[in-house]
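Enquirer: okay, here's the prediction I keep looking at, along with the sequence it came from:
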Amino acid sequence: MNQPTSLEEFVQQASHIQGDQKTLYVNQTDYTPEEVLVSDEDTAGGVNMQMIRLLAASNTNATYWGEPFYDSGELEQLNIQLESLESFTRKVITMQEMEETKSRFGMERDSIHDENEPS
């Protein structure tokens, strides 16, 4: 199982995936690691943190990466780095579909960034 610790590692590992039917599965959802106990006027009305999850897979191998991001600038940088994976078909999926797809490749909760999320 491949467990990259950065987007750069993910792109590098994904670019070396061999096999047919290469697909880049993408999931983007709201992410709240903890409930806010006391509101702060600096954060009131702020933008929710988002979580991006990527699974690059072929018929024989896969690699997974997930990380929170805060603004559209970070998302734009992510898309720029993913441009090198143009040979992959891209498919946007739900969180449930991501978990099912990871299971098909024998992946459990394998990202250090997802450890606080419910199963």
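Expert: Perfect, thanks for sending it.
Enquirer: would you map the strands across this protein?
Expert: Ranges of strands within the chain are 23-30, 50-57, 62-69, 89-92, based on DSSP state E.
Enquirer: near T94, how many residues? Count them for me, please.
Expert: Look at T94: counted by other Cβ atoms under 10 Å, it has 10 neighbours. In short, each C-beta sits where N, CA and C put it, glycine included.
Enquirer: check the gap between it and Q81 for me.
Expert: Taking Cβ to Cβ, to the nearest Å as the measure, T94 falls 23 Å from Q81.
Enquirer: can you list the low-confidence ranges for the protein?
Expert: When residues are selected by pLDDT under 70, those of the chain lie in 1-2, 32-47, 108-119.
Enquirer: mind checking the end-to-end distance for stretch 51-62?
Expert: End-to-end distance for stretch 51-62, by Cα to Cα, to the nearest Å: 20 Å.
Enquirer: how far away from the center of its chain is that stretch?
Expert: Distance, stretch centre to chain centre, for stretch 51-62: 9 Å (Cα atoms, centre = their mean, to the nearest Å).
Enquirer: nearest to H16, out of the strands of the chain?
Expert: strand 62-69 (9.0 Å; Cβ to Cβ).
Enquirer: alright, calling it a day.
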